[in-house]
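*Asks:* Give me a model of this one.
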Amino acid sequence: AVVIGDGLVGQWAAQTFRARGAYVVLCGRRPTRMQIAAQVSADEVVDTRTRDITQIVAERWPGGVRIVDEAVGLLANVELAFSLLCHDGHLVLNGYHPEGEHLMNIQWLHDKEITCHGMAGWTQPRMEGTLEMIAEGKLKVRQLVTHEFDGSEANRAYKMVWEKDPEMLGVLLRW
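*Replies:* You can find the predicted model right below:
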């Protein structure tokens, strides 16, 4: 499985795929996040600023990979995902794609008979399964927290999130 995105959503997706037996390559651009991914989320991390994931997949898996998870929300990454997928592969759309901005060519699905999964919400069975994986230690949540704040510092924490501090991955507020 290839996961495009080194944020929390990408890290959790990578951990979930690994827990289910996949070899996971996580693609990212932020050094702190990629370092965390290498420790707890993925089997391999690719810095897309310096390495070409398309070339890596072509060399190792000439027919493409079975799963690509787009966890950023960029149409360019969705197009990249289709180029990495094998025939009859699975595309998982985990990123936020604003309405009207990310129209996808449905023919891309037909050409390789791709199954597309849009994971934008939660269900009770999915939530229970996630909590079970956390309890079993299969999902490393605490290791993804890079910053902690007391509730009285909530404004500072939200500012860090809003400004997309490159050193931040997960923020924990202690109330």
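*Asks:* Would you mind confirming that residue 36 makes contact with residue 11?
*Replies:* Yes: at 7.0 Å, residue 36 and residue 11 qualify as touching, with contact defined as C-beta atoms under 8 Å. All C-beta spots, glycine's among them, are computed from the backbone N, C-alpha and C.
*Asks:* what do the two both touch?
*Replies:* Applying C-beta atoms under 8 Å, 6 or more residues apart in numbering, one finds that residue 36 and residue 11 are jointly contacted by 144, 169.
*Asks:* Between these two, tell me which one has more neighbours.
*Replies:* The neighbour comparison of residue 36 against residue 11 (other C-beta atoms under 10 Å) goes to residue 11, with 28 against 24.
*Asks:* How about the contacts made by that one?
*Replies:* Counting by C-beta under 8 Å, 6+ apart, residue 11 touches 26, 33, 36, 37, 40, 41, 144, 169.
*Asks:* Check the burial of the residue nearest to it when sequence neighbours are not counted by counting its neighbours.
*Replies:* Of all residues not flanking residue 11 in the chain, residue 41 sits nearest, at 4.4 Å (C-beta to C-beta, 6 or more residues apart in numbering). Residue 41 is flanked by 27 other residues according to other C-beta under 10 Å.
*Asks:* now swap in residue 155 and tell me
*Replies:* Residue 155, neighbours per other C-beta under 10 Å, totals 9.
*Asks:* same question, residue 91
*Replies:* Using other C-beta under 10 Å, residue 91 has 22 other residues around it.
*Asks:* for the one 5 residues further on, same thing?
*Replies:* By other C-beta under 10 Å, the residues close to residue 96 number 11.
*Asks:* That one looks like it's in a helix, true?
*Replies:* No: counting by DSSP: H, G, I helix; E, B strand; the rest coil, residue 96 falls outside a helix, being coil.
*Asks:* How about it, nearest residue that isn't a chain neighbour?
*Replies:* Excluding the flanking residues, the one nearest residue 96 by C-beta to C-beta, 6+ apart is residue 73, at 4.4 Å.
*Asks:* Kindly report the same for residue 91.
*Replies:* residue 116 (4.8 Å).
*Asks:* Remind me what the helix or strand hosting the one you found packs against, helices and strands.
*Replies:* Assigned by DSSP states H and E, residue 116 belongs to strand 115-118. Packing contacts for strand 115-118, counted by 3 or more C-beta pairs under 8 Å, 6 or more residues apart in numbering; DSSP states H and E, involve strand 85-93.
*Asks:* residue ranges with poor pLDDT in this structure?
*Replies:* Residues of the chain meeting the criterion pLDDT under 70: 100-102, 120.
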